[in-house]
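> Please find the sequence and the predicted model below.
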Amino acid sequence: MPPALAGGFCFNLNWALAKLCSFWLKPFLYTFVYLQLKLEAIQKTAMKKQILTLLILLFVYVKAIACSCDIPKPILEFYASKHVFKGIITNKTISKDSATYTVKFKVLANYKKDKIPKEISFTFDYQKKGMWDSCYKEAYLNQEWLVFAHGKGRKLYFGIICSNSQVIRERGIDPRLQKVLDHGNEFKLDNYIYDLDYTVNNEFNSTKPITNLDTIFKDAKAIKSDKPFGLFALYINKKGELVSVFNFFDWHKSSEDFKIDPNFGLMTEFNVKSKRPITEFEIYATELLKKVKSWELKRSKVTQIAVDYMAYISVDFDEKTSKWTYELR
C-alpha cells in the first residue's frame, strides 16, 4: 500500500511501538485524503475551505500528541550510517557540570562492511534529576543496544529517539529489522521507486517541477464537469523526466499488486489498472499534467545518488471564475 501523502510521527520507545504508530496512522492518513477528495461534490468554495481547515487541524493535533519524530525506514538509515552494530554499554560517566554523559560500548556484532573499533563512545545531553522532558531518553550501564551510528572520523553520534537505534530486549531484534541487517550490504539505492513517506522524506531532498506549471494551467481551456477536482500521482525517473500520470485512487486501488522488496519494504515495480469510467475533467487534467515533463532530481542527502520517485498534485477547476488551480503535495 503506497503511503502517499503520509506524514507521521513515531516516538521510538522501541521497534514495536514505532511499527504500531505507523500502522495506526495509515488508516487516518488515507481517510484524510479520501475526505479531502469528497470535497469535489461540494460546490461552495467557503464550505470547502472550512472542511479543509478542520482536516488540517486534526492532522496537526495527531502530530502533536507525542514527540514529533520521523523514524527513517531501516534500510535507509542503514545506508546512511557509518557504523551499524550491536553492543553493550560497559561504562558510563557524567560530566562535572552534569550537562552531558558519555557511554562506552563494547562491539558485539558489526553489520556493515567496514572496519569498526572494538569499543566506541558516545556523548549525550544529560537531564538532571527533578527536570522532565517527554522527548528525553537515556542509555544505561549494561544495556545491550542496536546502534545506527552517524558522523565522520571520531565524531560519531546516534539518535536515542527518532532513530532505529534501540535497546535490545529479551525477545531480541525484530525479525523484519534483522532482515535489513542481514541483507543491508546488498542494498542498491537507485534500484527502487520512492514514495512520499515519512520514513523516506528526510533521507532525500524535496523536489518540484522545472517545467512552469503556472503557464500550463493559465493557458488551459475551461471545461464543464460534475466533479472538477482530482488528485494525481506522477512517476518521475532518476533523470528528472516525467514517465506517467495516474489518478490517485486508481494508483491506490492497484497498490496491492505492486512489487515490494521483501527485505527492505521498498517498491521495485508497479502497474496501475482502472476499471471505472474516467471523467472529462480527469482526461483533460491528465493531459495538462503530462506537459510537466521536467522535474528536479531526487537525491540522497548522503551520497547525492538520484532515484526514481512519485510526486502528487491536486488539481481544481472553478467554473465560476474559469480558473485552474493546483497544489503540490
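Yes, it's here.
> Strands of the chain, start to end?
Assigned by DSSP state E, the strands in the chain fall at 83-94, 100-110, 119-125, 144-152, 155-157, 166-167, 193-194, 229-236, 242-247, 259-260, 267-269, 298-299, 306-318, 323-328.
> in the fourth one, what counts as buried?
Residues 145, 146, 147, 148, 149, 150 are the ones in strand 144-152 that count as buried (16 or more other Cβ atoms under 10 Å). For glycine as for every other residue, the C-beta is placed from the backbone atoms N, C-alpha and C.
> mind putting those in JSON lines, pLDDT included?
Formatted as JSON lines, the buried residues of strand 144-152 follow (pLDDT from 0 to 100):
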{"residue": "145", "pLDDT": "98"}
{"residue": "146", "pLDDT": "98"}
{"residue": "147", "pLDDT": "98"}
{"residue": "148", "pLDDT": "97"}
{"residue": "149", "pLDDT": "96"}
{"residue": "150", "pLDDT": "93"}
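> about what we covered before: so which of the strands of the chain is the most packed in?
The highest average neighbour count among the strands of the chain, using mean count of other Cβ atoms under 10 Å, belongs to strand 229-236 at a mean of 22.
> where does the stretch 151-300 of the chain dip in pLDDT?
153 (pLDDT under 70).
> try 80
Within the stretch 151-300 of the chain, the stretches with pLDDT under 80 are 152-154, 275.
> Helices of that one, start to end?
All helices of the stretch 151-300 of the chain, identified by DSSP state H, counting those that start in this stretch, fall at 175-183, 213-218, 248-253, 280-289.
> Redo those helices as a markdown table? Include distance to residue 322.
Putting the helices of the stretch 151-300 of the chain into a markdown table (distance: least, Cβ to Cβ, whole Å) gives the following:
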| stretch | distance to residue 322 |
| --- | --- |
| helix 175-183 | 52 |
| helix 213-218 | 11 |
| helix 248-253 | 25 |
| helix 280-289 | 14 |
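> Indicate which one of the ones you listed is closest to residue 231.
Proximity to residue 231, assessed across those by Cβ to Cβ, is greatest for helix 248-253 (4.0 Å).
> Can I get that closest one in PDB? Just the C-alpha atoms.
Presented in PDB, the C-alpha positions along helix 248-253 are these (Å, rounded to 0.1, in the frame of the first residue of the first chain):
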ATOM      1  CA  PHE A 248      -4.600   8.800  -7.200                       C
ATOM      2  CA  PHE A 249      -7.400   6.400  -6.400                       C
ATOM      3  CA  ASP A 250      -6.500   4.200  -9.400                       C
ATOM      4  CA  TRP A 251      -3.000   4.200  -8.100                       C
ATOM      5  CA  HIS A 252      -4.100   3.400  -4.500                       C
ATOM      6  CA  LYS A 253      -6.500   0.600  -5.600                       C
END
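> how much space between the residue of the chain most remote from its centre and residue 125?
Residue distances from the centre of the chain (Cα atoms, centre = their mean) peak at residue 96, which lies 39.8 Å from the mean C-alpha position. Distance, residue 96 to residue 125, by Cβ to Cβ, to the nearest Å: 15 Å.
> Distance to residue 76 added to the strands of the chain, as a markdown table?
Putting the strands of the chain into a markdown table (distance: least, Cβ to Cβ, whole Å) gives the following:
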| stretch | distance to residue 76 |
| --- | --- |
| strand 83-94 | 12 |
| strand 100-110 | 19 |
| strand 119-125 | 21 |
| strand 144-152 | 10 |
| strand 155-157 | 17 |
| strand 166-167 | 16 |
| strand 193-194 | 9 |
| strand 229-236 | 19 |
| strand 242-247 | 23 |
| strand 259-260 | 15 |
| strand 267-269 | 13 |
| strand 298-299 | 13 |
| strand 306-318 | 11 |
| strand 323-328 | 23 |
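> Quick check: which of the ones you listed is nearest to residue 214?
Of all those, strand 323-328 sits nearest to residue 214, with 8.9 Å by Cβ to Cβ.
> ok, residues contacting that closest one?
208-209, 213, 217-218, 220, 288, 311-318 (Cβ atoms under 8 Å, 6 or more residues apart in numbering).
> now the angle from that strand to strand 306-318?
Interaxial angle, strand 323-328 versus strand 306-318 (axes from the mean of the first three to the mean of the last three Cα atoms, to 10 degrees): 150 degrees.
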